[in-house]
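Asks: Give the three-dimensional model of this entry:
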Amino acid sequence: MSHIVEPPTRICGARTRTGAACHFEALPDKLRCRLHGSAGGRPPGTPMHDNTRAAIAEGRRRWVERMREAKARGEIERFPGGRRKRGLPSLSKNPTIRKAQRILEKAKAKAMTDQKILAVPERPWSELSHPEKLDRETGKALDIAAKILDGGAQLLERDGIEGADIKLVTMVKDTALQVISTQVRVDNAKLAASVLSPTGLSEAERRQQAQEAIRAAFAERPSLTDETVIEHEPIKSKEN
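Replies: Numbers count the residues shown, from 1 in each chain. The predicted model follows:
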């Protein structure tokens, strides 16, 4: 009498929510049962339950809300996995080419953003702060001084001091002396700030000390008139 030997039954063995192994039989030619990957999910032709549909919609709504908040905080630029912008070519199926495409698109977007930042319209004079007004007018004054010095130098080289207009020579001389005096005062203020500033100060504190020294160097000084009397202490003789 011959005995038919049946093949051993394969057990699923997937880890369940309780932590134990699944003891259901695996499907034919499969490693798992129908509940753990082989034929999991809703069977074909079975409509989705209303609770399942509502849970999917609610999860999608909460995810979109989190992404919008992250985008408002500046943490992300666009939703992950979203649609590509119009006009962009489709991504390649090759991973290396696709990565290169994303790098180029990111660099191009950064360049366009930098151009927009540089193209910011100039603010009106009434909205500028005192340092901004001083900086703008200083630039204009330097341009005017450069034109005076360059034009005056050409005229003096062509006609000489004897043949040039005395008013033009005076204006060029005064402009040159003013530029030199300003540069000397700025250099002295920087030197004084670097010498007097103690060690251990932060960069912001050193910058503030330098600005105060420059303001002190450019402060208005009282002019001496005929009525001004300067008192000096008497000089003691060596005999006393």
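Asks: For the lengthiest helix in the chain, buried residues please.
Replies: Within the chain, and with DSSP state H defining each element, the longest helix by residue count is helix 130-163. For helix 130-163, burial by neighbour count (16 or more other CB atoms under 10 Å) applies to 145, 148, 152, 155. C-beta: built from backbone N, CA, C; applies to glycine.
Asks: Likewise for stretch 167-175?
Replies: Buried residues in stretch 167-175 (16+ other CB under 10 Å): 172, 175.
Asks: What lies in contact with it?
Replies: Taking CB atoms under 8 Å, 6 or more residues apart in numbering as the criterion, the residues outside stretch 167-175 that touch it are 145, 148-149, 152-153, 155-156, 161.
Asks: go on, stretch 93-113?
Replies: With contacts defined as CB under 8 Å, 6+ apart, stretch 93-113 is touched by 88-89, 91-92.
Asks: pLDDT weak spots in this structure?
Replies: Within the chain, the stretches with pLDDT under 70 are 1-8, 38-43, 82, 115-121, 161-162, 193-201, 217-240.
Asks: Spell out which residues make up each domain of this protein.
Replies: Domain ranges of the chain: 10-40, 49-83, 86-120, 127-217, per automatic domain parsing.
Asks: where exactly do the helices run in this structure?
Replies: With DSSP H as the criterion, the chain has helices spanning 50-72, 95-118, 130-163, 166-196, 203-217.
Asks: okay if I get the ones you listed as CSV plus distance to T9?
Replies: CSV is the format used below for the helices of the chain (distance: least, CB to CB, whole Å):
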stretch, distance to T9
helix 50-72, 32
helix 95-118, 42
helix 130-163, 84
helix 166-196, 87
helix 203-217, 76
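Asks: For H23, which of those helices is the nearest?
Replies: For the helices of the chain, proximity to H23 was assessed by CB to CB; helix 50-72 is nearest, at 26.7 Å.
Asks: Can you mark which positions in that closest one are buried?
Replies: M67.
Asks: Touching it from outside, list them.
Replies: If you take CB under 8 Å, 6+ apart as the criterion, helix 50-72 is touched by 76-80.
Asks: Likewise for stretch 16-29?
Replies: Outside stretch 16-29, the residues that touch it by CB under 8 Å, 6+ apart are 9-15, 32-36, 38-39.
Asks: Cool, thanks, talk later.
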